[in-house]
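In: Pasted the sequence and its predicted model underneath.
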Amino acid sequence: DAGVIQSPRHEVTEMGQEVTLRCKPISGHDYLFWYRQTMMRGLELLIYFNNNVPIDDSGMPEDRFSAKMPNASFSTLKIQPSEPRDSAVYFCASSLGGAAPNQPQHFGDGTRLSIL
Amino acid sequence: GEDVEQSLFLSVREGDSSVINCTYTDSSSTYLYWYKQEPGAGLQLLTYIFSNMDMKQDQRLTVLLNKKDKHLSLRIADTQTGDSAIYFCAEGNNQGGKLIFGQGTELSVKP
């Protein structure tokens, strides 16, 4: 079975540009999570969705960040305008039915974002 | 609020045991997890323990939970170079799928 698929794997762009990160969750999973990982702050939950509806976006750092889930098989995380401090690895994860041990979060391989 | 703390680094020799420690604050945690992150990859679930258990063993992995002290540990027996990775502790409950992750412990295994 295909896991969580993220694209692109790497993105390098100049500050001020719009960045769009994409995620395809595992088919049938009803929860989708976006995380950011940096050396300084570790792994941070940015936002998560249940059945395509945003449930908790309290981790979104500022209004420059937005996330959408137009359908059960696709989500985007957008940064506009981007800044060098947004450089990080962004992970998408999906799960079935919430936080239960037999329904763990499955992570994609991440998008490594560098803002120059 | 909820918080999960881990030490950042651990270095061991191949064949030794590794013990990675974690403390958490949320007394309503139902499940506690250990995830492993290899270089360039996402996190993968290693093992988990219910909050009403004290210990769980899974091959080379032993998870110990002290609920009174809110302390969780992961012991890896006969540590191999392939165990070198970042290990994340996480807590969760039945409320909506959200997990709280620690900062991760980078395990370095020297031959």
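Out: That came through, no problem. Numbering: from 1, shown residues only, chains lettered A, B, ... in the order given.
In: what residue ranges in the chain score low on pLDDT?
Out: Answering for chain A, as no chain was given. Applying pLDDT under 70 to chain A flags the ranges A:1, A:98-102.
In: That was the other one, I meant chain B.
Out: The model of chain B has pLDDT under 70 over residues B:1-2, B:94-97.
In: rerun at 90
Out: B:1-3, B:7, B:25-31, B:39-41, B:48, B:50-53, B:91-100 (pLDDT under 90).
In: quick one: the strands in chain B?
Out: Secondary structure of chain B (DSSP state E): strands at B:4-6, B:9-13, B:18-24, B:31-37, B:43-50, B:55-58, B:61-66, B:71-76, B:85-92, B:99-101, B:105-110.
In: List the contacts of the residue nearest to B:V4 when sequence neighbours are not counted.
Out: Closest residue in space to B:V4, ignoring its immediate chain neighbours: B:G102 at 4.0 Å, by CB to CB, 6 or more residues apart in numbering or on different chains. (C-beta placed from N, C-alpha, C; glycine too.) Contact analysis of B:G102 by CB atoms under 8 Å, 6 or more residues apart in numbering or on different chains lists A:G42, B:V4, B:E5, B:Q6, B:C22, B:Y24, B:F88, B:C89, B:A90.
In: cutoff 10 Å now
Out: Residues near B:G102 by CB atoms under 10 Å, 6 or more residues apart in numbering or on different chains: A:42-43, B:3-8, B:20-24, B:34-35, B:72, B:87-91.
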